[in-house]
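Engineer: sequence plus predicted model, see below.
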Amino acid sequence: MRRLVYGLERDSILAIEMIMVGVIGASKADSTLCAVAEEVGEELASQGAAIVCGGLSGVMEAVCKGARKNDGITIGIIPSDRREDANPYVQIPIVTGIGMARNAIITRTADVVIAIGGQFGTLSEMGYALNMGKNVIALNSWRLEKASDRPIPNLIHVEGAREAVDAALNAIEAKE
């Protein structure tokens, strides 16, 4: 269930296994959604998962803040070409200079995606992830349906932060 991540430890390369969970949501989110995102970040970090997100404000900042409370790893895929645009809780800012096109990088990098609230950028990320066959855990987020009124495969709606994290981790485990 885990992915290899490489780091340096006293002149040697240390390989550890790491789950990458994408957390997506609006950069302008209310305090309720931010509190939920922070809780998701705390819980993901306590389970050993790294956060990959858009690296800006709102939901992205809140999830990174929560993850850092539990010494989690936070990666921000920044739309601009300025590292300084990353929120203060992003440890690894990856500047792209490609604007919203970075949404595809976030979803491609993640093993699973948790959508918290969100606007049209979040909707595009959900679409990318679903099109890639990845699970999307929707927490107070978009309700989608196919034109045929059949359920959308890999889209799971949940009610709370803990349920979102459990669903995400279970989805990764089920795919292995």
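Structural biologist: Here it is on my side, so go on.
Engineer: what about the helices in this structure?
Structural biologist: Assigned by DSSP state H, the helices in the chain fall at 31-46, 59-69, 102-109, 120-131, 161-175.
Engineer: I'd say Leu33 and Ile24 touch.
Structural biologist: No - counting by C-beta atoms under 8 Å, Leu33 stays clear of Ile24, with 11.9 Å between them. (Each C-beta comes from the backbone N, C-alpha and C, glycine too.)
Engineer: give me the common contacts of these two.
Structural biologist: 59, 116 (C-beta atoms under 8 Å, 6 or more residues apart in numbering).
Engineer: the more surrounded of those two?
Structural biologist: Ile24 (31 against 21; other C-beta atoms under 10 Å).
Engineer: I'd like to know how many residues surround Glu84.
Structural biologist: When counting by other C-beta under 10 Å, one arrives at 8 neighbours for Glu84.
Engineer: now do it against Gly55, distance only.
Structural biologist: To Gly55, Glu84 is 11 Å away according to C-beta to C-beta, to the nearest Å.
Engineer: now Ile105
Structural biologist: Counting by C-beta to C-beta - Ile105 and Gly55 are separated by 11 Å.
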